[in-house]
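A.B. asks: My questions are about this predicted structure, shown below with the sequence.
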Amino acid sequence: MTDLDISHVLDDWVYEPGKAMVRKIIGKHDRELIQMRIDLGVLQMHAVGRPDGQRPHDMESLLDFHIEKLESHINEFDGDDSKYKLSEEECVALQQEAIQYHHRYICFFQLEAYEDVIQDADRNLDAIEMVEQYGPSDQMSWTLRQLSPQLLLMRTRAVSAISLNGENYDQAITDVQDGIEALQAFLKDHMPQEAADQNGELIALKHWLEEVSDSRPMSKREKLEKELNEAVQKEDYERAAEVRDAIKCLSAAD
């Protein structure tokens, strides 16, 4: 059937290798949709709720269903969750659902929808914890846990971007440092030190920390200290003395 052919969509939105191509559109019933162009077509997902638009067990997501189920179990057994278990099939379904959210928060980041990135990333952190705590095996939980490095990278970039947009440069630096620490803790627990040091997400965050630090406007004192160092390096001692006096005046004013 020719009406199922999406060639016209692909022809109007030509794929560019190496470029993240994401857009937001309004679909049927005025629903907000996100599209990601890939080499063989287009990934389309809902911007609100579960990315595929489904409502498993009439809940927003499978994770929400299992959280409610767990809470009922805990209430029934007086706060004891030791006998609550997820089956292998349930873990696989949660993993497949988490992949949907993984794709979406990457898209949200490209759209600079940073609050949405954080929401989906935190949601996947909850899914990882659920499978890790109640799944049948470490191997099963690792399938989901291995998403953690990119998840922590994207979440850290989003949190720090919000701080930067508010011109809160010190907070942005702290945000990135916190993200690096969280990623390093994960890598330490799951791989040899040499491999951890070469992790791509960790390297990317360290570079991002440098960029954020460089973007922070220098205070008057920092500008003077930089000028002092430059004067000393040039052996311009007269200028160095003047700058030292200016720094002393700032200290006295403080």
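C.D. replies: Structure's in. What do you need?

A.B. asks: Look up how far residue 13 lies from residue 7.
C.D. replies: Separation of residue 7 from residue 13 (C-beta to C-beta, to the nearest Å): 11 Å. The way it works is simple: take the backbone N, C-alpha and C, and place the C-beta from them, glycine included.

A.B. asks: So between the two, which is more surrounded?
C.D. replies: Taking other C-beta atoms under 10 Å, residue 7 and residue 13 do not tie; residue 13 has more neighbours (13 against 9).

A.B. asks: so that one makes contact with residue 37?
C.D. replies: Yes - at 5.6 Å, residue 13 counts as touching residue 37 under the criterion of C-beta atoms under 8 Å.

A.B. asks: ok, residue 28 to residue 111 distance?
C.D. replies: 20 Å.

A.B. asks: likewise residue 176?
C.D. replies: Taking C-beta to C-beta, one finds residue 176 at 21 Å from residue 111.

A.B. asks: Between these two, which is the more surrounded one?
C.D. replies: Taking other C-beta under 10 Å, residue 176 and residue 111 do not tie; residue 176 has more neighbours (23 against 14).

A.B. asks: and the more buried one, what does it touch?
C.D. replies: Contact analysis of residue 176 by C-beta atoms under 8 Å, 6 or more residues apart in numbering lists 156, 160, 205, 208, 209, 212.

A.B. asks: if we go to 10 Å?
C.D. replies: 156-157, 159-160, 163, 205-206, 208-213 (C-beta atoms under 10 Å, 6 or more residues apart in numbering).

A.B. asks: mind listing the strands for the protein?
C.D. replies: Assigned by DSSP state E, the chain shows strands spanning 22-26, 32-38, 41-46.

A.B. asks: The first one: which residues count as buried?
C.D. replies: Neighbour-count burial for strand 22-26, with 16 or more other C-beta atoms under 10 Å as criterion, is recorded at residue 22.

A.B. asks: relative to strand 32-38, how tilted is that strand?
C.D. replies: For strand 22-26 against strand 32-38, the angle by axes from the mean of the first three to the mean of the last three C-alpha atoms, to 10 degrees is 150 degrees.

A.B. asks: which helices and strands does strand 22-26 pack with?
C.D. replies: Counting by 3 or more C-beta pairs under 10 Å, 6 or more residues apart in numbering; DSSP states H and E, the packing neighbours recorded for strand 22-26 are strand 32-38, strand 41-46, helix 88-110.

A.B. asks: distance between the first one and the chain's centre?
C.D. replies: So the one you mean is strand 32-38. With C-alpha atoms, centre = their mean, to the nearest Å as the basis, strand 32-38 stands 18 Å off its chain's centre.

A.B. asks: Return it as PDB; C-alpha atoms alone will do.
C.D. replies: The C-alpha trace of strand 32-38 is given here as PDB (Å, rounded to 0.1, in the frame of the first residue of the first chain):
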ATOM      1  CA  GLU A  32       3.500  16.200  21.000                       C
ATOM      2  CA  LEU A  33       5.900  13.700  19.300                       C
ATOM      3  CA  ILE A  34       9.600  13.500  19.000                       C
ATOM      4  CA  GLN A  35      11.400  12.200  15.900                       C
ATOM      5  CA  MET A  36      15.000  11.100  15.500                       C
ATOM      6  CA  ARG A  37      16.300  10.700  12.000                       C
ATOM      7  CA  ILE A  38      18.500   7.600  11.600                       C
END
